[in-house]
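S.K.: Predicted structure and sequence below. I'll ask about it afterward.
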Amino acid sequence: MAQTLRLNPIRCDGYGICAGVLPQRIRLDEWGYPLIDSSPIDEHLVARARRAVDACPVLALSLRRDRSAHGRANSGADEPRLSHRLAGQPSAIGS
Amino acid sequence: MPSSTTPFEPRVLAGPPASAGPERLIAHDLRLGRLPSPSERRNLTAVLDSSGLLGRGGAGFPVGHKWRSVAEHSTGNAVVVVNGAEGEPRSAKDGTLMGLRPHLVLDGALVAADAVGATDVVLYVGREHTEAHRGLAQALAEREPDPNVQMQLVAAPVGYVAGEATAVVHYLNEGDARPTFLDARPHERGVADRPTLVQNVESLAHAALIARFGADWYRSAGRLATRGSALITVSGPNQRRTVREIEYGTTIGEIARSAGGAPPGSTVLLGGYFGSWASLDEVQDEPLDPVSMPEHGLEFGCGVLSFLRSDACGVAATAEIMAYMAEGTAEQCGPCVFGLASMAQATRRLSSGVAKGDDVENIDRWAGQVLGRGACHHPDGAVGMVRSALAVFRDDFASHQVRRRCALNRADMT
Ligand SMILES: Cc1cc2nc3c(=O)[nH]c(=O)nc-3n(C[C@H](O)[C@H](O)[C@H](O)COP(=O)(O)O)c2cc1C
Ligand code: SF4
Ligand code: SF4
């Protein structure tokens, strides 16, 4: 099953180590916080993605086999739909 | 007379005038009749589905759907949290409702507890809402304790994010009203690790009426596809903050006119600090409707309509809101903390006449970078507001950036 990267934005301290390990999927914004491509990871990048996960000093990054391609395991009932106006915008973690 | 002027009879705010204070239990029971017994409302969740009732905390999520997902996880041990945090500075509808119709809110909490299989109800009420606390405390004291459901009134911390669902649960569990980022959502594992329904007070008040009068009754109000009524908070330009109940589909222009009229060229902030600015001339005929408004780039949100006169500076108004939103982050997620601070500082520079050459472009770019990158939707709300401001006050922003002054020549440019 396809795996996706998921960032816990509360944990992340923006050291940026992950982006150095996996520049194919992680860029840093201008404050040094990672912008993560949350689409399924190609097979040939999985090992490197795992290394990026292991490199994060605060365990903010994880690899998941998700039900959806998005970050949170289950957006479910408590995560009401974002408005139409905000939907469809680029977003590093899905909601 | 066009049907649009047919007076609409309030529902959740029906009853004695505001000056009478919190409605007493006897008056409440006499006016509305007793709640149907649990066996008579066994299928209430399905009734809510057919009523089409949408949540009133800002996101408009279907209430029946939410109750069902809590019930699915409950083994009779769920918790209902009545969300009366009302951290939105321009909103007063939840506080008003709790202060004037506390028994309706308690009825809603009881029918919800029964439907989702809950033993506990927590009334989570912003500590600044003193009338609401007084009304609910009095109402709790008037009622016989329910053998099946414990009710508890909790003073919620002040602040914009304290009302976000995961922050609510976090506060009740650990005394920390900051959002969390956990795999399990509150409906799976929330207060005391039990399935938890976090529901806005107004949503529950409507549910209490639907439990009595049914889905068809609920659907008999409303002018367009979205049925029912809603509380709104109206402020400015000629009026103090007032709370009203409208039927969905009432137009923004009608509200502007009944609020004493707004001069041509006025703008309106719809949905509060999470909402959208609009030019009043362009939205006169826009129906207040949480489903159709977002399709037009507008927000109903928690029902705020805040009018700004054409001779007031939109840049200054936006700077004030952005400062509040940047101050109000839970200081947890980098993009939210730094992004909102950057946007707030740039807006402040623009409004106070010391703009840098690229402030407007930067605000726009930062907005795109911040969207969707927090643990909660706080930054997304701020981004929506600031983007709408850049569009609606385009000329003002340009004048502030290029000429470093307000085209309106207001005194705040010192
Ligand atoms: C930053 C933030 C603040 C919020 N504040 C409130 C609030 O003060 N009151 C409220 O009812 N909902 C608030 N919400 C929405 C809640 O997370 C939740 O969706 C709501 O209480 C659910 O009730 P409803 O479905 O009846 O609207 C907030 C959401 C966010 C992202
Ligand atoms: S390595 Fe970890 S803390 Fe550093 S930026 Fe990446 S996710 Fe954040
Ligand atoms: S997104 Fe902002 S407000 Fe929400 S938890 Fe993170 S820092 Fe706090």
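M.R.: Sure, I can see it. What you see is a predicted model; the values in this text were computed from it and never measured. Ligands and ions are numbered 1, 2, ... in the order given.

S.K.: need the strands for the stretch 101-250 of chain B, in chain order.
M.R.: Secondary structure of the stretch 101-250 of chain B (DSSP state E, counting those that start in this stretch): strands located at B:118-126, B:150-156, B:196-200, B:229-235, B:242-247.

S.K.: most neighbours per residue, which of these?
M.R.: Using mean count of other Cβ atoms under 10 Å in any protein chain shown, the stretch among the strands of the stretch 101-250 of chain B with the greatest mean number of neighbours is strand B:196-200 (a mean of 29). (C-beta placed from N, C-alpha, C; glycine too.)

S.K.: measure residue B:73 to ligand 2 for me?
M.R.: Residue B:73 sits 31 Å away from ligand 2 when distances are taken as Cβ to the nearest ligand atom, to the nearest Å.

S.K.: scratch that, residue B:369
M.R.: Residue B:369 is 15 Å from ligand 2, where distance means Cβ to the nearest ligand atom.

S.K.: what stretches of the chain score poorly on pLDDT?
M.R.: Chain wasn't specified; assuming chain A. Low-confidence segments of chain A, defined by pLDDT under 70, are located at A:66-95.

S.K.: should've been chain B
M.R.: B:1-6, B:407-414.

S.K.: re the thing from before, turn the strands of the stretch 101-250 of chain B into a markdown table, columns for distance to residue B:186.
M.R.: Output for these, formatted as a markdown table (distance: least, Cβ to Cβ, whole Å):
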| stretch | distance to residue B:186 |
| --- | --- |
| strand B:118-126 | 12 |
| strand B:150-156 | 15 |
| strand B:196-200 | 4 |
| strand B:229-235 | 24 |
| strand B:242-247 | 28 |
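
S.K.: could those be laid out in TSV, adding distance to ligand 2?
M.R.: TSV is the format used below for those (distance: least, Cβ to the nearest ligand atom, whole Å):
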stretch	distance to ligand 2
strand B:118-126	32
strand B:150-156	31
strand B:196-200	29
strand B:229-235	39
strand B:242-247	43
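
S.K.: right, and those strands - which one's nearest residue B:300?
M.R.: Shortest separation from residue B:300 across the strands of the stretch 101-250 of chain B is recorded for strand B:229-235, at 7.9 Å, computed as Cβ to Cβ.

S.K.: elements contacting that closest one?
M.R.: helix B:93-100, helix B:201-219, strand B:242-247, strand B:304-308 (3 or more Cβ pairs under 8 Å, 6 or more residues apart in numbering or on different chains; DSSP states H and E).

S.K.: Hey, what's the angle from the second one to strand B:229-235? Just curious.
M.R.: Translated: helix B:201-219. Computed by axes from the mean of the first three to the mean of the last three Cα atoms, to 10 degrees, the angle separating helix B:201-219 from strand B:229-235 equals 130 degrees.

S.K.: Not counting helix B:201-219 itself, show me its contacts.
M.R.: Outside of helix B:201-219, the residues that reach it under the criterion Cβ atoms under 8 Å, 6 or more residues apart in numbering or on different chains are B:11-12, B:32-33, B:35-36, B:41, B:44, B:47-48, B:50-57, B:63, B:82-84, B:93-94, B:97-98, B:101, B:104-105, B:107-112, B:227-231.

S.K.: out of these, which are buried?
M.R.: When neighbours are counted using 16 or more other Cβ atoms under 10 Å in any protein chain shown, those contain these buried positions: B:11-12, B:32, B:35, B:41, B:44, B:47-48, B:51-57, B:63, B:82-84, B:93-94, B:97-98, B:101, B:104-105, B:107-112, B:227-231.

S.K.: Chain A: strands as residue ranges?
M.R.: Defined through DSSP state E, the strands belonging to chain A, from first to last, are A:3-7, A:26-28, A:34-36, A:61-65.

S.K.: Make CSV from those strands and add mean neighbour count to it.
M.R.: Supplementary listing: the strands of chain A in CSV, determined by neighbours: other Cβ atoms under 10 Å in any protein chain shown:
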stretch, mean neighbour count
strand A:3-7, 23
strand A:26-28, 17
strand A:34-36, 23
strand A:61-65, 16
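
S.K.: Tell me which helix or strand residue B:316 sits in.
M.R.: Using DSSP states H and E, the secondary-structure element containing residue B:316 is helix B:314-327.

S.K.: by contact count, what packs against that helix?
M.R.: Counting by 3+ Cβ pairs under 8 Å, 6+ apart, the elements that helix B:314-327 packs against turn out to be strand B:267-270, helix B:334-351, helix B:378-392, helix B:394-402.

S.K.: Go through it and flag the buried ones.
M.R.: Judged by neighbour count (16+ other Cβ under 10 Å), helix B:314-327 contains these buried residues: B:314-323, B:325-326.

S.K.: what does the top helix by length along chain A rub up against?
M.R.: Ranked by number of residues, the top helix in chain A under DSSP state H is helix A:46-55. Contacts of helix A:46-55 from elsewhere in the structure, counted by Cβ under 8 Å, 6+ apart, are A:3, A:5, A:17-18, A:20-22, A:24-26, A:41, A:61-63.

S.K.: Go again with 7 Å.
M.R.: Here helix A:46-55 makes contact (Cβ atoms under 7 Å, 6 or more residues apart in numbering or on different chains) with A:3, A:5, A:17-18, A:21-22, A:25-26, A:41, A:61-63.

S.K.: Give me the nearest residue to residue 13, chain neighbours excluded.
M.R.: Going with chain A. If you skip the residues right next to it in sequence, residue A:13 has residue A:58 as its closest partner in space, 5.5 Å away by Cβ to Cβ, 6 or more residues apart in numbering or on different chains.

S.K.: Hmm, no, I was thinking of chain B.
M.R.: Nearest-residue entry for residue B:13: residue B:245, 4.7 Å, with adjacent residues in sequence omitted and distances by Cβ to Cβ, 6+ apart.

S.K.: next one: residue B:269
M.R.: In this structure, residue B:269 finds its nearest non-sequential neighbour in residue B:306, 4.2 Å apart by Cβ to Cβ, 6+ apart.

S.K.: Just give me the neighbour total for that neighbour.
M.R.: Using other Cβ atoms under 10 Å in any protein chain shown, residue B:306 has 24 other residues around it.

S.K.: contacting residues around it?
M.R.: Residue B:306 makes contact with B:90, B:235-236, B:268-269 under the criterion Cβ under 7 Å, 6+ apart.

S.K.: ok, of those residues, which come out buried?
M.R.: Buried members of the contacts of residue B:306, scored by 16+ other Cβ under 10 Å, are B:90, B:235-236, B:268-269.

S.K.: Many thanks, I have nothing further to ask.
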